[in-house]
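Q: Whatever this is, show me its structure:
(2 chains, ligands or ions: 3)
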Amino acid sequence: MFEPVLTKDIQIPESQEIDYYLSRGGYEAFQKVIKSMTPDEVIEEVKASNLRGRGGAGFPTGMKWNFVPKNTDKPHYMVNNADESEPGTFKDRLLLNGNPHLVLEGTMIGAFAIRANVAYIYIRGEFAREARIMEKAIAQAYEKGFLGKNILGTGYDLDVYVHRGAGAYICGEETGLLESLEGKRGWPRIKPPFPALEGLFRCPTIVNNVETLSCVPLIINRGADWFKSIGPERSPGPKLFCLSGQVKNPGVFELPMGTNLKEIIYEHGGGLLNGKGLKAVIPGGSSVPILRPEEIDVSMDFDSLAQIGSMLGSAGIIVMDEGTCLVDALLNIAHFYRHESCGQCTPCREGTYWAEQVLRKIEHGQASEKDIDMLEEMARHINFRTICPLGDAAAMPIMSFLKKFRDEFVQHVRAGACPLNSQL
Amino acid sequence: MAKQATETEKAVEFSEAGQKELQALLARYPDKRAALLMVLHLAQREFGWISQDVMKYIAEQLELPYGDVYDAVSFYTMFHTRPPGKYHLQVCHTLSCALRGAHQICQHIEEKLGIKEGEVTPDGKFSFVKVECLGSCGTAPVVQINEDYHENMTVEKLEQFLKTLK
Ligand SMILES: Cc1cc2nc3c(=O)[nH]c(=O)nc-3n(C[C@H](O)[C@H](O)[C@H](O)COP(=O)(O)O)c2cc1C
Ligand code: SF4
Ligand code: FES
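A: Ligands and ions are numbered 1, 2, ... in the order given. Have a look, this model is predicted:
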């Protein structure tokens, strides 16, 4: 039987307090690490756990930490990415609110592993309450002597700071985030150099997602083998699935990685709202390819979703019932990416603008079938031609909606109106 | 004209607590520029919005060209370059919220307050904008009023809540 570990205590009001966290074995992992392990041993343990990044790409965390050079004079930085902005994703907010010390302890162990003496928690600006909660958690950790100079007499120094964003999805992208942390507009950088070599203030930097880092204290406490025993071995661990849209019980569900998507929607989510039929599911945040109802009998892990041509992404599952107009839904998504494009690359800036325009025409029945082909062509032109993956994130939904639900687009064009009279 | 004179006379300056906070924020980073977003948040809390004078003041404090401050302010959506209403209604209209009735909420606000997106009521009490995903899609639709999230919003709930605002 799987027991939630990341979100076990979040309903308890005291869970934000350090004394409560300590009474549950909190900060034991951090103490173990700084007192009895070398940074490389920590990296090895995380590598052995097969932990893969929860921020969207599923990159192996231990391997990423290993990219940080071992003998530089430059300072190293750890950054916890709490920008959480991919539509359909709301899991990190839950951890920041209900388990802030786990988030902090994970950040601290990560910092130790990559030999950083400073860590930043980059929190999206709208999460004002969450920023206050994390500030308080950090202050409590200083009071207990877990942060500061020569921590618990080990000789290790670490400072952790909150940094607030100010409303820009693109600052979730790691290099956009670093620019934003440096006080600039969030324009993503051309890679290479990768942040592990040249990141914040041009120093070696690791950016990890809130949920990724929250897994680390658990791995240290319970061991890599325990972690690996949950879900598929190549992408294991407890996982937060975000369920939203037209389901009875939306919310965050902590389940083993690899839980079946159908089970999440119908058992944990209670099925569709008002007993309606299912039309489509986006399994991993608004940028990932959409699934048809016959495709949802799938294991929710990085590899299984890739196999069927979609992605686990941020595990933001968006459910749409039979009454939803998918042209309007895609228009909504296209609007989002147009609004959030930083404007640096022409294919992304222009492509997202025109995609929204054409989709609006289709939705309102003012387009021809040629426009549908043009839309597809446009998406193909954005894909893989940009500085950061936002361009791809904008193009993927367009290509997948057209591939799987082309009929609905054609119907709009032929009817000269939205057959569902949609108002999303 | 007289009004303008008083405005320029009233120099922009952080309160004592604000100055202290500014110093604490500067200590978080190896260079002053990196503190910019945090200092802008502080300024918005102290002054309500980010005027040109506020930008100039921050530029001086951080030893930055005015243009660098302006560049950041114009890039991020959360900094107000005009005074917002006392209650700033930010309605999420991204997909998960749209699927749960964000459109009706927006319509209701427009009818009730008689303002369109981006406007402020003449008495300065309310302003209304549509925003992108607030990271709370499981409790859609979501309306953020000033800093607070109001989740599982309905037209009735919103109506009730607006009545309580003085
Ligand atoms: C446009 C865009 C937006 C992103 N937004 C986020 C985000 O909000 N939170 C996040 O953790 N990662 C986000 N990412 C992924 C980050 O770039 C980065 O890969 C991630 O934080 C690494 O953490 P992980 O290895 O723990 O997954 C985004 C990526 C792109 C391209
Ligand atoms: S792909 Fe889009 S968001 Fe990314 S850097 Fe280019 S213009 Fe900016
Ligand atoms: S779509 Fe509204 S909070 Fe995410």
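Q: Quick check: which ranges of chain B have low pLDDT?
A: The model of chain B has pLDDT under 70 over residues B:1-10.
Q: can I see the domain layout of it?
A: B:16-75, B:87-165 (automatic domain parsing).
Q: Nearest to ligand 3, out of these?
A: Comparison of the domains of chain B against ligand 3 by Cβ to the nearest ligand atom identifies domain B:87-165 as nearest, at 3.3 Å. Placement of C-beta: from N, CA and C, glycine included.
Q: Please report how far residue B:52 lies from residue B:73.
A: 10 Å (Cβ to Cβ, to the nearest Å).
Q: So for those two, which sits in the more crowded spot?
A: Neighbour count, other Cβ atoms under 10 Å in any protein chain shown: between residue B:52 and residue B:73, residue B:73 has more, with 24 against 13.
Q: Contact partners for that one?
A: Residue B:73 makes contact with B:40, B:50, B:55, B:79, B:81, according to Cβ atoms under 8 Å, 6 or more residues apart in numbering or on different chains.
Q: Sort out which of those residues are in strands and list them.
A: Secondary structure from DSSP state E places none of those in strands.
Q: Out of those residues, which comes closest to residue A:133?
A: Ranked by distance to residue A:133 (Cβ to Cβ), the contacts of residue B:73 are led by residue B:40 at 21.1 Å.
Q: quick one: that closest one and residue B:79 touch, right?
A: Yes - under the criterion of Cβ atoms under 8 Å, residue B:40 makes contact with residue B:79 at 5.7 Å.
Q: Mutual contacts of these two, please.
A: Joint contacts of residue B:40 and residue B:79 (Cβ under 8 Å, 6+ apart) are A:166, B:50, B:73.
Q: and those residues as CSV, adding distance to residue A:409?
A: Shown next, in CSV, are those (distance: Cβ to Cβ, whole Å):
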residue, distance to residue A:409
A:166, 37
B:50, 43
B:73, 40
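Q: By proximity to ligand 1, which residue of chain B wins?
A: Closest point on chain B to ligand 1, by Cβ to the nearest ligand atom, is residue B:135, at 8.2 Å.
Q: Is that residue part of a helix or strand, or is it coil?
A: coil (DSSP: H, G, I helix; E, B strand; the rest coil).
Q: my read: it touches residue A:127, true?
A: Yes - under the criterion of Cβ under 8 Å, residue B:135 is in contact with residue A:127, at a separation of 6.9 Å.
Q: who touches both of these two?
A: Shared contacts of residue B:135 and residue A:127 (Cβ under 8 Å, 6+ apart): A:84, A:93.
Q: Buried ones in stretch B:144-151, by neighbour count?
A: B:144-145, B:149-150 (16 or more other Cβ atoms under 10 Å in any protein chain shown).
Q: who has more neighbours, residue B:135 and residue A:127?
A: residue B:135 (30 against 25).
Q: Would you map the strands across the stretch 251-400 of chain A?
A: All strands of the stretch 251-400 of chain A, identified by DSSP state E, counting those that start in this stretch, fall at A:251-256, A:278-282, A:316-321.
Q: Now for residue 71, how many residues are close by?
A: This is for chain A. 5.
Q: You answered for a different chain; I wanted chain B.
A: Per other Cβ under 10 Å, the neighbour tally for residue B:71 reads 15.
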